[in-house]
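Engineer: Structure for the following, please:
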Amino acid sequence: MYGRQVLALTDQLNGTTSYEHAAVLTDQVLEPTDGLLERLAEFFEAAAEKAKEADHDDGFDLHYDLEDAASTLRGLGEDLHVVDRMRALAPRSPARQATKATVTGSSIGCRQR
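Structural biologist: Residues are numbered from 1 along each chain as shown. Predicted coordinates for the structure are as follows:
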């Protein structure tokens with residue numbers, strides 16, 4: 001069920017032509033307090049605690065593996081929280097480009113040799 005929801009989110013991301021919309025979709029996964037990666041990290045922490053409850057050596061080993069998975073997911077979320085960078089990929093408005101070109105052109109004309 002949850003895999004299908006992630007697949008639907010992926011399909012939306014693949015189908016969008018807007019970097020703003022791509023940023024919104026990406027944020028659903030990468031938002032640091034309520035995004036999918038954070039919720040998955042919490043899931044793995046809960047699974048780790050459940051494994052640790054077992055009175056078995058494999059339970060402790062599994063506990064550490066699941067804790068590592070939770071930590072890895074949080075690290076990925078921190079490294080990839082790129083909403084502002086995704087929005088910045090949008091093409092600049094024509095007015096802003098013209099202003100930049102005008103400023104650049106006038107500064108070139110002022111150079112002396």
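Engineer: Let me know the next secondary structure element after the lengthiest helix in the chain.
Structural biologist: Counting residues, the longest helix in the chain under DSSP state H turns out to be helix 57-80. Where DSSP states H and E defines the elements, the next helix or strand beyond helix 57-80 is helix 83-87.
Engineer: How about residues contacting that following helix?
Structural biologist: Here helix 83-87 makes contact (Cβ atoms under 8 Å, 6 or more residues apart in numbering) with Tyr19, Glu20, Ala22, Ala23, Thr26, Asp27, Leu30, Glu31. Quick note: C-beta positions are derived from backbone N, CA and C, even for glycine.
Engineer: Identify the residues contacting the second one.
Structural biologist: Contacts for Glu20 were tallied using Cβ under 8 Å, 6+ apart; they are Arg87, Ala90.
Engineer: at 10 Å what do you get?
Structural biologist: Contacts for Glu20 (Cβ atoms under 10 Å, 6 or more residues apart in numbering) come out as Val83, Met86, Arg87, Leu89, Ala90.
Engineer: how about low-confidence regions in this protein?
Structural biologist: The model of the chain has pLDDT under 70 over residues 95-113.
Engineer: residue ranges of the helices in it, please?
Structural biologist: Using DSSP H, helices in the chain cover 2-15, 19-30, 36-53, 57-80, 83-87, 94-109.
Engineer: Deepest in the core, which of the ones you listed is it.
Structural biologist: Neighbour counts averaged per stretch over the helices of the chain are highest for helix 19-30, at a mean of 18; criterion: mean count of other Cβ atoms under 10 Å.
Engineer: Output it as CSV, restricted to C-alpha atoms.
Structural biologist: Taking Å, rounded to 0.1, in the frame of the first residue of the first chain, the C-alpha atoms of helix 19-30 are listed here in CSV:
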residue,chain,number,x,y,z
TYR,A,19,10.2,23.2,-10.7
GLU,A,20,8.0,24.7,-8.0
HIS,A,21,5.7,21.7,-8.1
ALA,A,22,8.8,19.4,-8.2
ALA,A,23,10.0,21.2,-5.0
VAL,A,24,6.6,20.6,-3.3
LEU,A,25,6.7,16.9,-4.2
THR,A,26,10.3,16.5,-3.2
ASP,A,27,9.6,18.2,0.1
GLN,A,28,7.0,15.5,0.9
VAL,A,29,9.9,13.1,1.1
LEU,A,30,12.7,15.2,2.4
